[in-house]
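# Just the structure for this:
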Amino acid sequence: MENYLKAPLELQKAPQYLIDLMAPIVARMATIEELVASHIASPTPLPPAYQP
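This next block holds a predicted model:
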């Protein structure tokens with residue numbers, strides 16, 4: 001843990017196996033984020049009974 005705190009941020013690099021493990025997870029998270037954002041951006045209209 002001490003080496004992690006002493007090393008400059010730009011010199012730290014994740015091992016390749018972690019990058020390979022995280023890549024598909026991050027891609028799926030981005031897809032889910034886009035789906036949620038598009039759902040929030042275009043809400044479904046209210047039924048006629050609830051419209052002012």
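
# Which helix runs longest in the protein?
helix 16-41 (DSSP state H).

# what's around Ala14, how many residues?
If you count neighbours by other Cβ atoms under 10 Å, Ala14 ends up with 10. C-beta here means a position set from N, CA and C on the backbone, and glycine is covered the same way.

# Quickly find the element holding it.
Under the criterion DSSP states H and E, no helix or strand holds Ala14.

# Please report how far it lies from Met29.
For Ala14, the distance to Met29 equals 17 Å [Cβ to Cβ, to the nearest Å].

# hmm, back to that, tell me how far the longest helix of the chain is from the chain's mean position?
What separates the centre of helix 16-41 from the centre of its chain is 5 Å, taken as Cα atoms, centre = their mean, to the nearest Å.

# Could you export stretch 29-39 as CSV, keeping only the C-alpha atoms?
Output of stretch 29-39 as CSV, limited to C-alpha atoms (Å, rounded to 0.1, in the frame of the first residue of the first chain):
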residue,chain,number,x,y,z
MET,A,29,-21.9,-0.3,-17.9
ALA,A,30,-21.6,2.4,-20.6
THR,A,31,-24.4,0.7,-22.5
ILE,A,32,-26.6,0.6,-19.4
GLU,A,33,-25.9,4.2,-18.7
GLU,A,34,-26.9,5.2,-22.2
LEU,A,35,-30.1,3.2,-22.0
VAL,A,36,-31.0,4.8,-18.6
ALA,A,37,-30.2,8.3,-20.0
SER,A,38,-32.3,7.8,-23.0
HIS,A,39,-35.2,6.5,-20.9
